[in-house]
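Novice: What follows is a predicted structure for the sequence shown.
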Amino acid sequence: MSRQDWEKLLASFEPYQAALAKKPAATAAKVTVAPTGIPDQLGEDRIDRYLDGGTLAAVLDLIRKDAEAPSASTDIADLERLVLYHAHLHRLLMNFVSFYDFYSFRHNAMFQSGLLYIDGRSCRLCLPVTEVEAHSKLATLSQLCLVYCQCTRIKDKPETGTETKGIVAAVTAGGADMLVVGRNGVFIDSSGRDWDATVTKVVLNPISIRQAVWDPYRRFARMIGDQVGKLAASKQADITKNLGATATNATAGKAPAFDIGKSMGIFAAIGLALGALGTAVASIARALFSLAWWEIPLVFLGAFLLISGPSVVLAWIKLRKRNLGPLLEASGWAINKLVPINFPLGKQLTRTAVLPPNARRSYNDPLRKSRHWPLVLALVLGILVAVCGAWIWHTWPDVRLPWTPVK
């Protein structure tokens, strides 16, 4: 249908539109007799003229042509789709098929929503999240260390309040000791706006080989600290309880009873523990001194490998399985293949803070009065004593130490 035909059709319906405009509003009423005649003001002659004068045939012909050919709205939608494909199809393919933008680091990929600064590092791989629990169930399969944050920002007009959104950041460098719930950071979105970020959930996975090497020792130190804290808390509770009992007895005029059996049991247990510890230290020292001087470093190296080896192997296996696919799947993308994240890429996705050029750290504390020389002196004396003992043990075999058995 051409524009002239459309205007001609509109002109032919103008009397009908004018009649509808003059038609009174309908009111609810009970009608018992059916109305007769035509309920509008066109008249039978005009209607007959429209029906017999070829107008109906022309309208039916236009309807047939419109049904056979695509509608104008469909053509406009197809044209819009074609323009969008021409403008954005290349970038869609570079981000959805080949992931060229993600691996080239020329600019952020379509799924990267910004940059998160937290714990002395910057995390480049950040994705938007709406439901944390549902997202984390699938994102855990990526074998990445993930940090979920709730971001808040005051709107451009302060009277309109604040806006919030959720993100997830992949941490691929550094350590995870300080990545805890409640930690604060700064998030810079793709538009350059800054947000206040607060950690709401952490999915722990190996981050680096260096972390895996020292992780068993950190866990052991953390366990010792927890046990010492629990022991101190229990002792403090016992002391508080005993003080309460003493105060009660003093008020009642009674002297606290001394349990000699309990005290002897405590002293005996302490003696047994010290004896067992001394025996273990003596056995280790005797075994070490029985070795050649070049075998002692090998013993320490073997112990180090025995402790850190399983952790390093497990971390290496998990680090090789790091994959971006499950993380994108959890965010709504449909990924058909694996998108691996190797070691060099992991170092680029998370950058740790470094000192500026020509800058150095100063470890001098002006408020600290004590010096380090007593500790250094004690360390040097300990090394000298150990070296002298080893030299005496190998040079004078007739010298008998307290734990040497009598033949």
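Specialist: Great, that's in hand.

Novice: only C-alpha atoms for contact and neighbour calcs from this point on.
Specialist: Noted.

Novice: Helices of the chain, start to end?
Specialist: 3-12, 14-22, 44-52, 55-68, 72-96, 100-104, 132-139, 209-252, 260-289, 295-320, 325-330, 343-349, 373-395 (DSSP state H).

Novice: Surely residue 1 touches residue 64?
Specialist: No: with contact defined as CA atoms under 8 Å, residue 1 does not reach residue 64; the gap is 10.6 Å.

Novice: Compute the distance between the residue nearest the centre of the chain and residue 135, please.
Specialist: By CA atoms, centre = their mean, the chain has its centre lying nearest to residue 147, at 1.7 Å. Computed with CA to CA, to the nearest Å, the distance linking residue 147 and residue 135 is 12 Å.

Novice: which of the helices of the chain is buried the deepest?
Specialist: helix 325-330 (a mean of 21; mean count of other CA atoms under 10 Å).

Novice: Any chance you could list what contacts it?
Specialist: 111, 134-136, 138-142, 334-335, 337-339 (CA atoms under 8 Å, 6 or more residues apart in numbering).

Novice: one more time with 10 Å, if that's ok
Specialist: Defining contact as CA atoms under 10 Å, 6 or more residues apart in numbering, one finds that helix 325-330 is touched by 111, 127, 129, 131-132, 134-144, 146, 168, 170, 331-341.

Novice: And for stretch 77-97?
Specialist: For stretch 77-97, with CA under 10 Å, 6+ apart as the criterion, the contacting residues are 72-76, 98-103, 108-111, 333-337.

Novice: could you dump that stretch to CSV, C-alpha only?
Specialist: Only the C-alpha atoms of stretch 77-97 are listed here, as CSV (Å, rounded to 0.1, in the frame of the first residue of the first chain):
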residue,chain,number,x,y,z
ALA,A,77,12.1,-4.4,13.0
ASP,A,78,14.2,-6.3,10.5
LEU,A,79,15.9,-3.0,9.5
GLU,A,80,16.7,-2.2,13.1
ARG,A,81,18.1,-5.7,13.7
LEU,A,82,20.3,-5.3,10.6
VAL,A,83,21.6,-1.9,11.8
LEU,A,84,22.4,-3.4,15.3
TYR,A,85,24.1,-6.4,13.8
HIS,A,86,26.2,-4.1,11.6
ALA,A,87,27.2,-2.0,14.6
HIS,A,88,27.7,-4.6,17.3
LEU,A,89,28.0,-8.1,15.8
HIS,A,90,31.8,-8.0,15.5
ARG,A,91,32.1,-7.1,19.2
LEU,A,92,29.6,-9.8,20.1
LEU,A,93,31.6,-12.4,18.3
MET,A,94,34.9,-11.1,19.9
ASN,A,95,33.3,-11.5,23.4
PHE,A,96,31.0,-14.5,23.0
VAL,A,97,32.7,-16.8,20.5
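
Novice: any idea of the mean pLDDT for it?
Specialist: For stretch 77-97, mean pLDDT is 87.

Novice: Same check on stretch 204-219?
Specialist: 84.

Novice: sorry, back to before: nearest to residue 151, out of the helices of the chain?
Specialist: helix 132-139 (13.0 Å; CA to CA).

Novice: Does anything pack onto that closest one? Which helices or strands?
Specialist: Identification of packing neighbours for helix 132-139 by 3 or more CA pairs under 10 Å, 6 or more residues apart in numbering; DSSP states H and E yields strand 145-154, strand 162-171, strand 194-203, helix 325-330.
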